[in-house]
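[1] need a structure here:
(one chain, ligands or ions: 3)
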Amino acid sequence: MKHQDIIFTNSVAERLSSMIEGMNCSGTFILVDENTDNHVLSKIVGQFPAIDNATVIKVKPGDVNKNLDSLVHIWNELQRAGANRRSLMVNLGGGMVTDMGGFAAATFKRGIHFINVPTTLLSAVDAAVGGKTGINFNGLKNEIGSFREADAVIISTCFLDTLPVEEIRSGYAEMLKHGLIDSAEAYHRLLECDVTSIDSERMLALLEESVSVKRRIVEEDPTEKGIRRALNLGHTAGHAFESLAMRRDNPVPHGYAVAWGCVVELVLSHLAMGFPSSELKRFADYVYNNYGIFPITCDDYPALLELMHHDKKNTSGDINFTLLSEIGRVHIDSICSEDDIKTALDIFRDLMHI
Ligand SMILES: NC(=O)c1ccc[n+]([C@@H]2O[C@H](COP(=O)([O-])OP(=O)(O)OC[C@H]3O[C@@H](n4cnc5c(N)ncnc54)[C@H](O)[C@@H]3O)[C@@H](O)[C@H]2O)c1
Ligand SMILES: O=C(O)C(=O)C[C@@H](O)[C@H](O)[C@H](O)COP(=O)(O)O
Ligand SMILES: [Zn+2]
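    Ligands and ions are numbered 1, 2, ... in the order given. As a prediction, the model looks like this:
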């Protein structure tokens with residue numbers, strides 16, 4: 001897999017335009033959802049012909065629409081406008097847009113060029129980088145997808161001012177995850193920051209630091225044969241919460257599910273690997289105070305376990321977790337029994353005062 005070009009800038013339109021011109025493509029498509037159409041597109045149009053001449057494709061927002069219907073809509077629009085192998089797709093949006101647009105680009109005519117321009121904190125620090133693309137299918141997260149890195153990722157803080165604070169918190173959860181797998185120093189610094197009042201200069205520095213954690217791991221293991229599973233901390237349980245919330249017709253932001261999932265998986269880390277109880281308690285309190293609770297009872301355990309059995313890290317009938325023995329010390333392929341997971345869910349409910 002080629003090395004991915006990741007650019008940090010607040011002159012997005014200028015960089016994007018010169019990139020489009022340099023790629024000598026036969027046509028450019030910009031994928032947006034209704035919200036990035038409303039809040040973001042106007043920030044990059046009206047300055048450079050390479051951007052203004054692009055065809056805009058619009059999808060409905062939200063993870064419930066990261067699905068086959070939206071994907072078919074994108075393929076139809078590309079085909080209708082005569083896109084070919086030299087066409088370029090620009091994914092302008094959050095992780096929903098970069099995941100699905102990346103997959104549409106990876107599959108249309110077996111692959112066209114694409115550039116990710118992330119517009120949420122979460123997509124800037126995580127989703128737009130590293131080549132995981134895909135859609136949800138049959139209620140399971142990212143069930144259909146491919147590894148295909150964007151030709152380039154243009155990361156900026158200039159889109160974040162219209163983002164609801166809930167979405168800032170959601171992205172911050174993936175940054176905390178990067179801190180947890182990286183080092184106690186980076187993680188504690190994040191815990192001490194007030195996420196709602198970080199100025200844009202400091203935010204750009206935090207973005208660069210967080211992306212560097214993901215980038216280093218992806219470069220070592222681009223297709224998740226091993227160590228990339230570190231980036232999946234919190235997701236075995238987190239994706240189960242996220243899917244359950246969708247089943248209840250009450251979706252939650254991805255990062256919230258990851259934050260709750262990390263609590264469950266730090267409980268398992270404590271039980272199985274001796275992860276310090278003081279750090280577990282501190283993280284759980286942070287999550288309770290900043291993300292609230294995901295309401296579950298023991299009646300939900302069978303559904304949650306069934307969802308965890310679909311996790312992509314599993315290679316047998318067992319459920320595979322990424323755990324920590326301490327902050328920065330990662331143990332991939334940690335198998336936990338259903339009984340251990342139920343115990344962890346019990347402790348999760350205690351820690352979250354549910
Ligand atoms: N591929 C990966 O490595 C990876 C990593 C993490 C998450 N993901 C996926 O990313 C998705 C979550 O991404 P997300 O949190 O960015 O969600 P999202 O794309 O759904 O964006 C969240 C909300 O913010 C809106 N929005 C986007 N930019 C905006 C802006 N600048 N101003 C105002 N509103 C804006 C969106 O329309 C949406 O309503 C999930 O599908 C998750 O599975 C993928
Ligand atoms: O990049 C990775 O690898 C990750 O696991 C990052 C996660 O934050 C992200 O949510 C990813 O989409 C999860 O992938 P999946 O393989 O568990 O669907
Ligand atoms: Zn994630």
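[2] how close does the closest residue to Glu166 other than its chain neighbours get to Ser123?
    Taking CB to CB, 6 or more residues apart in numbering as the measure, Glu166 lies nearest to Pro253, with 6.2 Å between them; neighbours along the chain are not counted. Any C-beta I mention is one placed from the backbone N, CA and C, and that applies to glycine too. Counting by CB to CB, to the nearest Å, the gap from Pro253 to Ser123 is 12 Å.
[3] more neighbours, those two?
    Taking Pro253 and Ser123 together and counting by other CB atoms under 10 Å, Ser123 has the greater number of neighbours (28 against 24).
[4] residue contacts, the more buried one?
    Going by CB atoms under 8 Å, 6 or more residues apart in numbering, Ser123 touches 93-95, 97-98, 116, 171.
[5] Look up how far Gly261 lies from it.
    Distance, Ser123 to Gly261, using CB to CB: 19 Å.
[6] which parts of the stretch 251-354 of the chain sit against ligand 2?
    Counting by CB under 6 Å from any ligand atom, the residues of the stretch 251-354 of the chain close to ligand 2 are Lys312.
[7] same thing but at 8 Å, please
    Residues of the stretch 251-354 of the chain lying near ligand 2 by CB under 8 Å from any ligand atom: 254, 258, 311-313.
[8] circling back to that earlier point, OK, contacts around the residue nearest to Glu166?
    Taking CB under 8 Å, 6+ apart as the definition of contact, the neighbours of Pro253 are 122, 166-167, 169-170.
[9] Type out the ChimeraX command that picks the buried ones from the residues you listed.
    Only the buried entries of the contacts of Pro253 go into this ChimeraX selection, using 16 or more other CB atoms under 10 Å:
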select :122,167,169,170
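[10] Among the contacts of Pro253, which one lies nearest to Glu242?
    Using CB to CB, Ser170 comes nearest to Glu242 of the contacts of Pro253, at 11.1 Å.
[11] Now that closest one: closest residue in space, sequence neighbours ignored.
    Of all residues not flanking Ser170 in the chain, Gly255 sits nearest, at 3.0 Å (CB to CB, 6+ apart).
[12] and the one you found, how far is that from ligand 1?
    According to CB to the nearest ligand atom, to the nearest Å, Gly255 and ligand 1 sit 6 Å apart.
[13] do Ile57 as well
    With distances taken as CB to the nearest ligand atom, Ile57 is found 14 Å from ligand 1.
[14] helix or strand right after the helix or strand containing that residue?
    Assigned by DSSP states H and E, Ile57 belongs to strand 55-59. Scanning forward in sequence from strand 55-59, with DSSP H and E defining helices and strands, the next element found is helix 68-80.
[15] Is any residue of the following helix or strand past that following helix near ligand 1?
    Next in sequence after helix 68-80, counting helices and strands by DSSP H and E, comes strand 87-93. Yes - contact between strand 87-93 and ligand 1 is present through Gly93 (criterion: CB under 8 Å from any ligand atom).
[16] What's the mean pLDDT across strand 87-93?
    Model confidence over strand 87-93 averages 98 on the pLDDT scale.
[17] Can it be said to contact ligand 2?
    No - if you take CB under 8 Å from any ligand atom as the test, strand 87-93 misses ligand 2, and the best it gets is 14.5 Å.
[18] Now do the same for the residue nearest to Glu166: its pLDDT.
    At Pro253, the predicted lDDT confidence score is 98.
[19] How about Gln4?
    The model reports Gln4 with a pLDDT of 75.
[20] do the one 5 residues further on as well
    According to the model's per-residue confidence, Thr9 sits at a pLDDT of 95.
[21] repeat for Ser26
    Ser26 carries a pLDDT score of 95 in this model.
[22] Give me the phi and psi for it.
    Backbone dihedrals for Ser26, given as degrees, to the nearest 10, come out at phi -90, psi -10.
[23] quick one: contacts for the residue lying closest to it once chain neighbours are set aside?
    Of all residues not flanking Ser26 in the chain, Arg86 sits nearest, at 4.1 Å (CB to CB, 6+ apart). Contact partners of Arg86, counting by CB under 8 Å, 6+ apart, are 24-27, 112-113.
[24] picking that back up, relative to ligand 2, which of the contacts of Pro253 is nearest.
    Taking CB to the nearest ligand atom as the measure, ligand 2 sits nearest to Leu122 out of the contacts of Pro253, at 8.4 Å.
[25] any idea which helix or strand carries the closest one?
    Per DSSP H and E, Leu122 falls inside helix 121-122.
[26] How about that helix and ligand 1, any contact?
    Yes - for helix 121-122, a contact with ligand 1 is found by CB under 8 Å from any ligand atom, at 121-122.
[27] what residues does that helix touch?
    When contacts are taken as CB under 8 Å, 6+ apart, the neighbours of helix 121-122 outside the stretch itself are 94-95, 160, 163, 167-168, 170-175, 207, 253-255.
[28] which among these gets closest to ligand 2?
    Using CB to the nearest ligand atom, Glu174 is the member of the contacts of helix 121-122 that sits closest to ligand 2, with 5.4 Å.
[29] Which residue comes closest to that closest one once chain neighbours are left out?
    Setting aside the residues directly before and after it, Glu174 is nearest to Asp126 in space (CB to CB, 6+ apart), at 4.3 Å.
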